[in-house]
Structure formats: C-alpha cells, structure tokens
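*Asks:* Just the structure for this:
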Amino acid sequence: MDMLFPPFLEKGDKVMIVSPSSKIDNRFLKGAKKRLESWGLKVLMGKHAGGDSGKYAGTVRQRLRDFQRAMDDPKVKAVFCSRGGYGAVHLIDKIDFTAFRQSPKWLIGFSDITALHNLFQANGYASLHALMARHLTVEPEDDPCALHLKHILFGELPLYTCEKHRLNRKGTARGVLRGGNMAVAYGLRGTPYDIPAEGTVLFLEDIGERPHAVERMMYNLKLGGVLEKLSGLIIGQFTEYEEDRSLGKELYAALADLVKEYDYPVCFGFPVGHVTRNFPLVNGADVEFTVGRQGVELKFVGDESRNEEVIGAIAR
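*Replies:* Below you'll find the predicted structure:
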C-alpha cells in the first residue's frame, strides 16, 4: 500500500501539542510552543497536555479526547506529541480516522509514539518520527535536528549522511522507510499494527534495554521471517544500558551476527534515538539507502522530495 503524505505546512498554519503518553514538565510545553511559534506556526495546546494522572498526562479518556480533537480539527495541520514514555498503546485501538481522512495531518514524535506511527501506517498515512518538546526547549535555535524538523514540515525532505561503522554491510537498496522504538514495535508484533516486512528499510532504536533483551527481540524478527524480507536495516542508537557481556560480545556485534546471512545493506550507529543527534525520519516514505566504504547515505525519493540538496548540507 502506498503511503499518503499529509500536506506540508505553510507559515500561519495551526499545530496542536498533545500528550498521549506520560506526563511532562510544563516548561517543556512552553518551550516547544515558543519554538514552533518562532517558525511561523500557530500553536494550540491540548486541554490535558500538561495533565497529571499517576505517571500519565491524564486518564485514557482525557488523553484520547485531546488526541482525537487534534485528529478531527480540519484547521490543525500537525499533531505534535510532547513526549514519549509508556501510554500511547492505551489509545491505539480507540482512535477514529473518519474526519482525519478528510484533512490529513502530520503526526510528530518518537519513542513510545512508535505505537501511533504504526497505527498511522496501518491506515495508509506517512508520519514523522522526530524529536519532541524537551529537545525544542533545551537545544539552541540552530540545532541541526530541530532545523531538519522545521524544513521537513515545510516540505523540504533531507539527504542524510553519517559516518561509517566497522560492522556495516555495504550495498544500496530502495524501499519504504519504517520503524522506531524496538520494544514498542516488538509489543505490536502479530497485531494489525505490526510493521510489514516486504520492501521495508527498517530502522530501530531503544533506550534502557539490556543486551540480551534486545537480542531476544531481534531473534523474534528473524524467526518470524521479518529479517529475510527486508530491503535494508538501519540500527540506530541503543543507549543507557550496561554492556554486561551476557551475550559474550558487545550488542552491535551480536545484532550483526543475526543478520549476516542476508544480502541487503545494514548500518550501525545511525543518528536516530534517545540522543541529541536524532535525525527526523519520515515513516512511510520511499528512500534510497546506501552503505558505502566512506559512510552511509539515506535519500528520500519521489515527488515529495524537493530541495534535498539544501537540507543535505545541514546533515553533513
């Protein structure tokens, strides 16, 4: 199924900040609002964006109401998730796309928001795996990843390059970019919101997962027939874990062993994940993925990709 791109934004467009998962410090909501307004956007705030219900930003009903309101409003052109943290999965089978189909809009976020990205793709819409409120608050105005987000929202898709890694496998592939947080995606395996494998350039990242747990999830993808059907694999940033040597080798080496029998390009250490250098990626976009001797290139292709040389210069 071809993914539909929501319309790109123009100055003066409205976006709404919502908190579909964990609660967030109000200063990050204010910081995100200020930064988005500096880009010429009009920012609405979900009623419960700063809510507090245990570890969540409101009850399931409150978070759903905010999210559905943003989905349904024809004047809202993007839904900006304030943060991740567990909770988005509570909403996934309750969201109604009826009004959204008449006025599609961009979903923005990462981490636990992967559950919502999978939902959007299951309904045929591209979405934006990208930084959230804290990043927009604490990083400077010239932060490269914030600039990537701004340019993508206004219709300029990037050409990304990054450094080589000793475990990379060279090659070039064309496919549909899909992925996100590994544990969240793993939790949706076997459901209607699973990521399709055929023709996919899959990207994965995670935080705080022990190496043997990551390997177990990768084995699930292997034994489930996912890995053999991919067009390419991007291993992003796996952070805040102890390299406890339970695998007998470091984590990336263990993952490299699991995919060594396949012939598609694989890269390690791509800048996506719970890090400052977190490149925004368009879930559902056609990409050309090249792993070469000198480094890695990820190019968005198709009619949507214009002015890519300008953005590519920022990535370099």
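*Asks:* residues in contact with stretch 243-258?
*Replies:* For stretch 243-258, the external contacting residues (C-beta atoms under 8 Å, 6 or more residues apart in numbering) are 165, 167, 210-212, 214-215, 218-219, 222, 227, 235, 238, 241, 266, 268-269. Heads up, the C-betas are built off the backbone N, CA and C, glycines and all.
*Asks:* can I get the CA coordinates of it in CSV?
*Replies:* Coordinates of the C-alpha atoms in stretch 243-258 are reproduced here as CSV (Å, rounded to 0.1, in the frame of the first residue of the first chain):
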residue,chain,number,x,y,z
GLU,A,243,27.2,-3.8,28.4
ASP,A,244,27.1,-6.8,30.8
ARG,A,245,28.7,-9.2,28.3
SER,A,246,25.8,-11.6,28.8
LEU,A,247,25.9,-12.2,25.0
GLY,A,248,29.7,-12.9,25.0
LYS,A,249,30.1,-9.9,22.7
GLU,A,250,29.0,-6.2,22.5
LEU,A,251,25.5,-5.5,21.5
TYR,A,252,26.0,-4.3,17.9
ALA,A,253,28.3,-7.3,17.2
ALA,A,254,25.5,-9.7,18.4
LEU,A,255,23.0,-8.0,16.1
ALA,A,256,25.4,-8.1,13.2
ASP,A,257,25.7,-11.9,13.6
LEU,A,258,22.0,-12.2,13.4
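*Asks:* Centre of the chain to that stretch, how far?
*Replies:* Distance, stretch centre to chain centre, for stretch 243-258: 25 Å (C-alpha atoms, centre = their mean, to the nearest Å).
*Asks:* quick one: buried residues of that stretch?
*Replies:* By 16 or more other C-beta atoms under 10 Å, the buried positions in stretch 243-258 come out as L247, L251, Y252, A254, L255, A256.
*Asks:* do stretch 17-27 as well
*Replies:* Of the residues in stretch 17-27, I17, V18, S19, P20, S21, S22, K23, I24 count as buried by neighbour count, 16+ other C-beta under 10 Å.
*Asks:* Out of the residues you listed, which two sit at the greatest distance?
*Replies:* I17 and S22 (14.4 Å; C-beta to C-beta).
*Asks:* before we move on, back to that, tell me the one among the buried residues of stretch 243-258 nearest to L149.
*Replies:* The closest of those, once distances to L149 are taken by C-beta to C-beta, is Y252, at 26.9 Å.
*Asks:* Just confirm the closest one is within a helix.
*Replies:* Yes. Counting by DSSP: H, G, I helix; E, B strand; the rest coil, Y252 is located in a helix.
*Asks:* Give me the distance between it and K42.
*Replies:* Distance, Y252 to K42, using C-beta to C-beta, to the nearest Å: 43 Å.
*Asks:* Please apply the same query to A133.
*Replies:* Using C-beta to C-beta, A133 is found at 17 Å from K42.
*Asks:* So which of the two has more stuff around it?
*Replies:* Ranked by neighbour count (other C-beta atoms under 10 Å), A133 and K42 place A133 first, with 26 against 15.
*Asks:* From what I see, that one and G31 are in contact.
*Replies:* Yes. Using C-beta atoms under 8 Å, A133 makes contact with G31 at a distance of 6.5 Å.
*Asks:* Strands of the stretch 151-300 of the chain, residue ranges please.
*Replies:* 159-163, 171-181, 200-207, 232-239, 266-268, 281-283, 286-291, 295-300 (DSSP state E, counting those that start in this stretch).
*Asks:* now for these, which one comes closest to T59?
*Replies:* Using C-beta to C-beta, the nearest of the strands of the stretch 151-300 of the chain to T59 is strand 171-181, at 23.5 Å.
*Asks:* Can you give the strand pairings for that closest one, parallel or anti for each?
*Replies:* strand 200-207 (parallel), strand 286-291 (antiparallel) (DSSP bridges).
*Asks:* What lies in contact with the shortest one?
*Replies:* Residues lying outside strand 286-291 but in contact with it, judged by C-beta under 8 Å, 6+ apart, are 168-177, 201, 231-232, 234, 265-267, 296-302.
*Asks:* Mind giving me the PyMOL select for these, buried ones only?
*Replies:* Typed into PyMOL, the line below selects the buried ones among the contacts of strand 286-291, using 16+ other C-beta under 10 Å:
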select buried, resi 168+169+171+173+175+176+177+201+231+232+234+265+266+267+296+297+298+299+300
